[in-house]
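*Asks:* Here is the input, now give the coordinates:
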Amino acid sequence: MSRPRSATCLVFLLLTALLASNGYVWLTNHVRFSDEHAYLLLAQGRIGEVSTFHRYRVVVPLLAGALAWGLQSVRQLGGEAGAALGFAFYLLNTLLLALGGTLVYRTARAVGASFGAALGGAVVVLSSGLATYLAGSALVDSLAWLALAALFYALASRHGTLLWWAMVLAPLAKEQLLLLLPVALYYGTFLSWPRRLAAAGLAGAALWLLHYQLDIWYPLPPHNQLTDMSAVVSSHLRNHVVHTLGQLLTVRGLSAVLAVFGLFTLLPVLGLAGGRVARRSWLTRLPPATGAVLACVGGFVLLSGEISRMLFFAGPCFGVAVALLVEYHPAARAFRQWMAATA
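*Replies:* Modelled structure (predicted):
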């Protein structure tokens, strides 16, 4: 095994270990909420009982259901009835988030960060309480987070095959990732226009086919507002977008923003200090698509209304920024010297 591949495997194992412990504590000590109940129903194949808002996000629940089928002998691990299913979500989410974190590391390496700085950036992201929350809950955000990390890595490293597959499959993880397709179309110039357009077209077709097929197999009850997609969109615009914009202007909203990465949130802010040369030392090394991806994350926040949970999707960008700041900002020189001395 080559040295870069060995380092990548080591990073994956370290990130898995980081997530596994924290996620298990959350798994066994939290009370399930409405989103989780919906995804647990999907995992049991009871798609007809789930509202329009959740019913089409079937990839992670069905994988968790299949995994739970093989985990019946350890059903007590989750500490409650139906624990094998909750434990299956935990295992799957932990591995998917660790894979995403490994791609954060790989992205940082691709844009010039050393092993230590790139690993530090990935650890900063996955040490977030939101990573623990997503790992231990019966949610589907882990696959969507991995898809965003894969697309961001593909754009940074100019990996055409990975970009193509990320474009096609990302919207199946969560519909909101459709917002990333224009970013991939614009910045993925290393992939030919026909291939990018084909990927975007296939992504839309796959998502439409999934909706169409599920609606045939599990018909929606008539005259129910929760089954009317136009009503769902209208509800989001009315209740989530306006409410979230107002929330962001309050102390509670600011707290939700700062809670995502905690005190590490201050690192990029501090990285803007030191003058123009110091700022350019790391900002100019960020992948060109960083700003556009962050704008998409802002869209996720407005459409969802869950500020902290959606802002965690900025993790790949944030982790790479931290890695580059540690690697290149003049103020981090003493820290880099210490790392080199202890290596």
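
*Asks:* Run through the helices of the stretch 101-250 of the chain in chain order.
*Replies:* Along the stretch 101-250 of the chain, the stretches classed as helices by DSSP state H, counting those that start in this stretch are 115-126, 129-136, 141-157, 160-173, 181-187, 193-217, 229-235, 242-247.

*Asks:* TSV please, covering those and showing distance to residue 320, mean pLDDT and mean neighbour count.
*Replies:* Any C-beta I mention is one placed from the backbone N, CA and C, and that applies to glycine too. Below are the helices of the stretch 101-250 of the chain laid out as TSV (distance: least, CB to CB, whole Å; pLDDT from 0 to 100; neighbours: other CB atoms under 10 Å):
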stretch	distance to residue 320	mean pLDDT	mean neighbour count
helix 115-126	6	95	24
helix 129-136	16	95	24
helix 141-157	8	97	26
helix 160-173	16	96	21
helix 181-187	15	97	19
helix 193-217	23	95	14
helix 229-235	33	60	12
helix 242-247	26	75	14
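
*Asks:* Out of these, the one nearest residue 337 is which?
*Replies:* Across the helices of the stretch 101-250 of the chain, residue 337 has its closest neighbour in helix 115-126 (12.0 Å, CB to CB).

*Asks:* now the closest one, how far from the chain's geometric center?
*Replies:* In terms of CA atoms, centre = their mean, to the nearest Å, the centre of helix 115-126 is found 16 Å from the chain centre.

*Asks:* cool, and stretch 240-252?
*Replies:* The answer for stretch 240-252 is 22 Å, by CA atoms, centre = their mean.

*Asks:* For it, which outside residues touch it?
*Replies:* 253-254, 256-257, 301-305, 307 (CB atoms under 8 Å, 6 or more residues apart in numbering).

*Asks:* if I pick the most centrally placed residue in the chain, what's in contact with it?
*Replies:* Most central in the chain under CA atoms, centre = their mean is residue 145, positioned 1.7 Å from the mean C-alpha point. The contact partners of residue 145, taken as CB under 8 Å, 6+ apart, are 96-97, 100, 134, 312-313, 315.

*Asks:* In helices, which of those residues appear?
*Replies:* 96-97, 100, 134, 315 (DSSP state H).

*Asks:* Which one of those sits in the busiest neighbourhood?
*Replies:* residue 97 (30 neighbours; other CB atoms under 10 Å).

*Asks:* What's the mean pLDDT across stretch 13-21?
*Replies:* In this model, stretch 13-21 has a mean pLDDT of 95.

*Asks:* contacting residues around that stretch?
*Replies:* Taking CB under 8 Å, 6+ apart as the rule, stretch 13-21 contacts 94-95, 97-98, 101-102, 105, 119, 122-123, 126-127, 131-132, 135.

*Asks:* any idea how far residue 32 is from residue 137?
*Replies:* 8 Å (CB to CB, to the nearest Å).

*Asks:* more neighbours, these two?
*Replies:* residue 137 (24 against 14).

*Asks:* List the contacts of the more buried one.
*Replies:* 26-27, 30, 32, 36, 89, 93.

*Asks:* Got a PyMOL select line for the buried ones in those residues?
*Replies:* Applying 16 or more other CB atoms under 10 Å to these, the buried members can be selected in PyMOL as follows:
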select buried, resi 26+27+36+89+93
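
*Asks:* how many other residues sit next to the nearest residue to residue 48 once chain neighbours are set aside?
*Replies:* The shortest distance from residue 48 to any non-neighbouring residue, by CB to CB, 6 or more residues apart in numbering, is to residue 218 (4.0 Å). Neighbourhood size, residue 218 [other CB under 10 Å]: 14.

*Asks:* does residue 218 really touch residue 52, like I thought?
*Replies:* No: using CB atoms under 8 Å as the test, residue 218 is too far from residue 52 to be in contact (11.0 Å).

*Asks:* what about residue 248, how many residues close to it?
*Replies:* Count around residue 248 with other CB under 10 Å applied: 16.

*Asks:* do residue 98 as well
*Replies:* Using other CB under 10 Å: residue 98 sits among 26 other residues.

*Asks:* before we move on, back to that, for the contacts of stretch 240-252, which single residue is the most surrounded?
*Replies:* Most surrounded of the contacts of stretch 240-252: other CB under 10 Å gives residue 301, at 25 neighbours.

*Asks:* Spit out the contact partners of it.
*Replies:* Taking CB under 8 Å, 6+ apart as the test, what residue 301 contacts is 244, 307, 310-311.
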